[in-house]
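1. return a 3D structure for these sequence lines:
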Amino acid sequence: MVAALENRASIEQDSAVPLRYSTAWQTTEFSIADARTAVRMLLLQAGHRPDAQPCLDAQLVVSELVTNALRHAPGPGSLALEVSPGADLLEITVRDGSPNPPRPQAPDAGRIGGHGLLLVIRLCEQLHTRTLASGKQIIARLSLGSAAAAADGDDDDPTTMR
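-> Sure, this is the predicted structure:
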């Protein structure tokens, strides 16, 4: 059973106000699918197409960061998402109970797993860790481009290498 302490999404329509979502959990049974759905719905409210590359990248980053929190720091944790007023930046904050910062592993095409943090680093404009009294926060900032361009189909070609 998911033990969500808080689950709220703002539906503010004022473009000068950021859109926010947050949730918290007590156990490792938090759903990664729910985290991906939350970011997809928040970006949809901000005017981004759910099938556009920025939204797909955001879902991947959220999925990887929440998975790492659940896998490496079982126990209480939280996810906070904030879309900037211009809908061009997503800030993702994942909190967990481990004081250990994430460490990317060396690339190894033969290894199963251990590539998620490298993907997050590649996709995000910024990624940093803030140490807390109990645990840490991982803060990732992902550029979304303009929502208007994404809605018009002018988003990045998903086949283009970054």
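2. so which helix or strand takes in residue 43?
-> Per DSSP states H and E: residue 43 is located in helix 32-45.
3. residue 141 too?
-> If you go by DSSP H and E, residue 141 is part of strand 135-143.
4. tell me which other helices or strands that strand touches.
-> The contact analysis (3 or more Cβ pairs under 8 Å, 6 or more residues apart in numbering; DSSP states H and E) places strand 135-143 against helix 53-72, strand 89-96, strand 126-132. The way it works is simple: take the backbone N, C-alpha and C, and place the C-beta from them, glycine included.
5. that strand pairs with which strands, and in what direction?
-> strand 89-96 (antiparallel), strand 126-132 (antiparallel) (DSSP bridges).
6. go through the helices and strands packed on strand 135-143 and name the closest to residue 24.
-> strand 89-96 (8.1 Å; Cβ to Cβ).
7. returning to that earlier point: buried stuff in the helix holding residue 43?
-> Neighbour counts using 16 or more other Cβ atoms under 10 Å place 35-36, 38-40, 42-43, 45 of helix 32-45 among the buried residues.
8. and what of stretch 46-61?
-> Using 16+ other Cβ under 10 Å as the test for burial, stretch 46-61 gives 46-49, 52-61.
9. with stretch 91-106 instead?
-> Neighbour-count burial for stretch 91-106 flags 91-96, 98, 102 (criterion: 16+ other Cβ under 10 Å).
10. list the contacts of the residue most central in space within the chain.
-> The centroid of the chain falls nearest to residue 62 when counting by Cα atoms, centre = their mean (2.8 Å). Counting by Cβ atoms under 8 Å, 6 or more residues apart in numbering, residue 62 makes contact with 35-36, 38-39, 79, 81, 92.
11. again, but for residue 42
-> Contact analysis of residue 42 by Cβ under 8 Å, 6+ apart lists 9, 19-21, 81, 83.
12. in a markdown table, list the residues you listed along with pLDDT, distance to residue 125 and neighbour count.
-> What follows is the contacts of residue 42, written out as a markdown table (pLDDT from 0 to 100; distance: Cβ to Cβ, whole Å; neighbours: other Cβ atoms under 10 Å):
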| residue | pLDDT | distance to residue 125 | neighbour count |
| --- | --- | --- | --- |
| 9 | 41 | 23 | 14 |
| 19 | 94 | 18 | 24 |
| 20 | 96 | 19 | 15 |
| 21 | 96 | 20 | 19 |
| 81 | 98 | 15 | 24 |
| 83 | 97 | 14 | 25 |
